[in-house]
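Visitor: I need the structure of the sequence given here:
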Amino acid sequence: MLGLVLLPGLGMAQAGKAVPARYPIRTPDPAPVEAGAAVQYTVAFPNAVHHEARITATFAGVPARQKLLVRMARSSPGRYALHDFAKNVYYVIATDASGKLLTINRRDPYSWEVTAGADGTVQFAYTLYGDRTDGTYAGIDQQHAHLNLPATLCYADGFENHPAEVKLELPAGWKAATQLRSGGEDKNTFSAPNLQYLMDSPIVAGTPQVLHTWQDAGQTFEMATYYQGPATEVDAFVKKTQKVVREAAGVFGGELPKFDFGRYTFLADYLPQASGDGMEHRNSTSLTSSQPLHDEGALRNLGTVSHEFFHSYNTERIRAQGLEPFDFQRVNMSDALWFGEGFTQYYGELVLRRAGYYDDEQFFERISSWVNARLNSPGARYASAVDMSRQAAFVDAAVSVDPVNRANTYLSYYIQGAGLALCLDLQLRQRYHTSLDKYMLAMWEEFGKNQTPALAPA
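Guide: Coordinates of the predicted model:
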């Protein structure tokens with residue numbers, strides 16, 4: 001058995017123990033609210049043709065005439081940089097339960113200070129613009145909505161540990177999918193135990209939705225697909241996805257994570273208006289692409305599936321301390337993205353080879369690109385993989401227009417980490433007659449199998 005040794009720069013959250021974030025969420029002395037009062041969200045699409053949703057958030061139990069600070073997130077689970085989601089929020093009003101207008105003070109670009117009325121209820125309503133279908137933002141049109149919740153829903157200080165309920169008012173024929181718990185008979189109402197879980201739970205809705213479900217090791221998998229091509233292409237892609245899931249589980253002794261509610265959901269928007277992206281979440285993944293589900297397009301999309309599903313082990317459960325609890329107002333800097341993203345990059349490609357979707361030449365072409373990047377990049381000589389992980393706030397889809405010298409000072413932690421995984425795997429095989437699989441299995445059993453409850457439902 002391979003002895004478990006933490007690699008340099010790795011600080012992992014202990015299984016079964018919630019580890020405080022390095023930079024805890026900052027809340028400026030919020031007014032006390034009634035314990036257990038659920039936050040109620042209503043999301044409607046009266047103007048989807050113009051990429052708009054109308055959203056109302058109801059916060060109950062606020063002390064009369066006290067100020068409630070309502071925010072839009074500035075960061076998003078799975079991303080490592082700031083995003084000013086408030087820029088797409090407008091036509092804001094706040095009322096009490098009877099509809100009486102409440103005073104709003106815009107104290108900074110990212111929040112609104114609302115003075116509660118006598119009944120203690122604040123109904124905060126706004127219009128959201130969303131015209132980017134990917135894992136980070138919101139994409140809304142006449143056919144569908146792909147909602148990353150930090151880009152979609154506001155939240156209020158003092159309500160972070162309260163349950164939440166999201167009610168979707170959908171156009172006729174639209175169907176929704178999400179990792180959130182369903183409201184039972186009402187298939188368009190979903191719930192979360194707290195803010196952390198809510199914001200980690202994207203929602204897709206639209207028509208036509210092709211839903212495939214299957215069982216594996218006593219758990220349910222769903223793939224909700226929006227695609228304009230033949231249904232036979234979706235069917236074939238789902239079968240390939242099932243094989244990828246099995247191959248990924250094989251790295252961990254064939255064991256799947258214990259998904260919350262016993263369910264894992266692939267949220268797949270393969271539409272012409274979608275941007276190529278994949279985003280991991282605790283019990284689901286967001287998959288967006290304009291590539292078709294045949295030939296090279298299918299292989300590219302399957303590569304994203306492989307990478308993101310491997311994240312359900314590595315990053316979602318084998319999780320660096322600095323990533324939890326997630327801070328929605330600043331970047332959670334991590335020293336270990338070279339492991340969380342880089343090792344996942346390596347296994348994303350290796351799983352496809354083991355599943356038979358790459359031949360040797362295709363696999364070698366991909367891994368050789370990491371080696372070439374490491375050997376030829378000036379940035380690789382500038383700093384370590386740990387230091388490159390700390391640079392994520394400036395490179396992970398962050399908005400930057402000022403000139404930088406990144407070509408000479410930076411090498412992606414995806415590439416650097418994947419190359420390190422390759423080298424370690426080869427060394428373990430050659431010198432010790434074992435493999436990186438054994439190391440990942442040991443990491444899983446020590447840090448991931450018994451899940452940290454920070455994001456888990458109560």
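Visitor: and the residue lying farthest from the centre of the chain, what does it touch?
Guide: Within the chain, residue 118 marks the point farthest from the mean C-alpha position, 38.2 Å out by CA atoms, centre = their mean. Residues near residue 118 by CB atoms under 8 Å, 6 or more residues apart in numbering: 64-65, 96. Backbone N, C-alpha and C define where each C-beta goes, glycine included.
Visitor: quick check, it in a helix?
Guide: No - according to DSSP: H, G, I helix; E, B strand; the rest coil, residue 118 belongs to no helix; its state is coil.
Visitor: read off the pLDDT value for it.
Guide: Model confidence at residue 118, given as pLDDT, is 97.
Visitor: from residue 38, how far off is it?
Guide: For residue 118, the distance to residue 38 equals 21 Å [CB to CB, to the nearest Å].
Visitor: try residue 329
Guide: In terms of CB to CB, residue 329 sits 23 Å off from residue 38.
Visitor: quick one on the thing from earlier: next, format the contacts of residue 118 as TSV and append neighbour count and secondary structure.
Guide: Shown next, in TSV, are the contacts of residue 118 (neighbours: other CB atoms under 10 Å; DSSP: H, G, I helix; E, B strand; the rest coil):
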residue	neighbour count	secondary structure
64	11	coil
65	12	coil
96	18	coil
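Visitor: a markdown table for the residues you listed, including pLDDT?
Guide: Shown next, in a markdown table, are the contacts of residue 118 (pLDDT from 0 to 100):
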| residue | pLDDT |
| --- | --- |
| 64 | 96 |
| 65 | 95 |
| 96 | 98 |
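Visitor: of those, which is the nearest to residue 85?
Guide: Closest to residue 85 out of those is residue 96 (26.0 Å), distances taken as CB to CB.
Visitor: surely the closest one and residue 119 touch.
Guide: Yes - contact between residue 96 and residue 119 holds when scored by CB atoms under 8 Å: they sit 5.2 Å apart.
Visitor: residues shared between the contacts of these two?
Guide: Common neighbours of residue 96 and residue 119 (CB under 8 Å, 6+ apart) do not exist.
Visitor: going along the chain, name the helices of the stretch 151-300 of the chain.
Guide: Using DSSP state H, counting those that start in this stretch, the helices assigned to the stretch 151-300 of the chain run over residues 195-199, 231-251, 295-310.
Visitor: in the helix or strand of the chain with the lowest mean pLDDT, what counts as buried?
Guide: In the chain, no helix or strand scores lower on mean pLDDT, DSSP states H and E than helix 406-409, which sits at a mean of 84. Neighbour-count burial for helix 406-409, with 16 or more other CB atoms under 10 Å as criterion, is recorded at residue 409.
Visitor: just stretch 123-131 next, same as before
Guide: 123-130.
Visitor: give the rounded mean pLDDT of it.
Guide: pLDDT averaged over stretch 123-131 gives 98.
Visitor: what is the subsequent helix or strand relative to the least confident helix or strand of the chain?
Guide: helix 413-432 (DSSP states H and E).
Visitor: low-scoring pLDDT stretches of the stretch 201-350 of the chain, where are they?
Guide: The model of the stretch 201-350 of the chain has no residue with pLDDT under 70.
Visitor: quick one: the strands in it?
Guide: Remark: strands assigned in the stretch 201-350 of the chain by DSSP state E, counting those that start in this stretch are 203-206, 210-216, 219-227, 263-270, 277-280, 284-289.
Visitor: next secondary structure element downstream of the helix or strand hosting residue 91?
Guide: Element membership for residue 91, per DSSP H and E: strand 89-95. Toward the C-terminal end, the helix or strand that comes next after strand 89-95 (DSSP H and E) is strand 104-108.
Visitor: now the contacts of residue 118 as a markdown table including distance to residue 158?
Guide: Converted to a markdown table, these look like this (distance: CB to CB, whole Å):
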| residue | distance to residue 158 |
| --- | --- |
| 64 | 15 |
| 65 | 15 |
| 96 | 17 |
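Visitor: now the closest residue in space to residue 116 that isn't next to it in sequence: how far from residue 113?
Guide: Computed as CB to CB, 6 or more residues apart in numbering, the closest residue to residue 116 that is not its neighbour in sequence is residue 62, at 4.1 Å. In this view, residue 62 and residue 113 are 12 Å apart by CB to CB.
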